[in-house]
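**Student:** Sequence first, then the predicted structure:
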Amino acid sequence: MALTPFFGGGHGGRNDIFDPWEHGFWDPWRNFDSVWDRLVPFDHRSLLAGRDMSSLQAVVNTNVDWRETPESHIFKADLPGLERGDVKVTVEGNRTLEISGERTREEENKTDTWHRVERSYGKFSRRFHLPDDANMEAVNAKVENGLLTVTVPKIKKTEREVRVVDIN
């Protein structure tokens, strides 16, 4: 795919296009492995060898939508297969909302043959810093059909009374 114009006659059968990847002029990933090895002096692959990465996947795959309406902040998290007791919603004094829980692994029967394991399991946690208008005392949550909905009402802003001050 051509990226920059080339005004110097024919190049690779084209009259007006220069493609830096066509003849290997520029490969941004050519030296990536050697640069990475210099930046990270240990073998990072050995840290992960033999580890079950699905618990990390559970943290990454917990999708949460945050929507703001005139009355509240609404968080919706996809938590398929989890019940009310599997999820914990906490609010901290520094205006932090945390949604956490654990998805347990299905019991394995040694006689079963697994062809694919794509569902993630393990602990998950997501934290959100709430704005100043969030009413931290009136947060409510519900789980229905694998969808967690957390509603954080807004504090109603009172209009400031303006009064004229007499000058003596």
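**Tutor:** That came in fine, so what should we check first? Everything quoted here is computed from the prediction, not taken from an experiment.

**Student:** what does stretch 72-92 rub up against?
**Tutor:** Defining contact as CB atoms under 8 Å, 6 or more residues apart in numbering, one finds that stretch 72-92 is touched by 62-68, 97-104, 119, 126, 128, 130-131, 134, 136, 139, 141, 143, 146-154. Backbone N, C-alpha and C define where each C-beta goes, glycine included.

**Student:** from those, which would you call buried?
**Tutor:** 62, 97, 99, 101-103, 128, 130, 134, 136, 139, 141, 143, 148, 150-154 (16 or more other CB atoms under 10 Å).

**Student:** Looking at those, which are in strands?
**Tutor:** 97, 99, 101-103, 128, 141, 143, 148, 150-153 (DSSP state E).

**Student:** check contacts around residue 138.
**Tutor:** For residue 138, the contact set (CB under 8 Å, 6+ apart) comprises 152-153.

**Student:** whoops, I mixed them up, residue 96
**Tutor:** So residue 96 contacts 127-130 (CB under 8 Å, 6+ apart).

**Student:** let's see 7 Å
**Tutor:** 127, 129 (CB atoms under 7 Å, 6 or more residues apart in numbering).

**Student:** So what pairs up with it in the strands?
**Tutor:** Listed by DSSP bridges, the beta-bridge partners for residue 96 are residue 92, residue 129.

**Student:** And the pLDDT at it?
**Tutor:** pLDDT, the model's per-residue confidence, is 93 for residue 96.

**Student:** same deal with residue 103?
**Tutor:** Confidence at residue 103, expressed as pLDDT, is 83.

**Student:** right, and it touches residue 119 too?
**Tutor:** No: using CB atoms under 7 Å, residue 103 makes no contact with residue 119, being 8.0 Å away.

**Student:** measure residue 148 to residue 106 for me?
**Tutor:** Distance, residue 148 to residue 106, by CB to CB, to the nearest Å: 21 Å.

**Student:** before we move on, what about residue 72?
**Tutor:** 36 Å.

**Student:** more neighbours, these two?
**Tutor:** Neighbour count, other CB atoms under 10 Å: between residue 72 and residue 106, residue 72 has more, with 19 against 11.

**Student:** do you know how far the more buried one is from residue 156?
**Tutor:** In terms of CB to CB, residue 72 sits 11 Å off from residue 156.

**Student:** repeat for residue 98
**Tutor:** Counting by CB to CB - residue 98 and residue 156 are separated by 25 Å.

**Student:** do residue 62 as well
**Tutor:** Taking CB to CB, one finds residue 62 at 32 Å from residue 156.

**Student:** for residue 74, same thing?
**Tutor:** Look at residue 74 and residue 156: by CB to CB, they are 17 Å apart.
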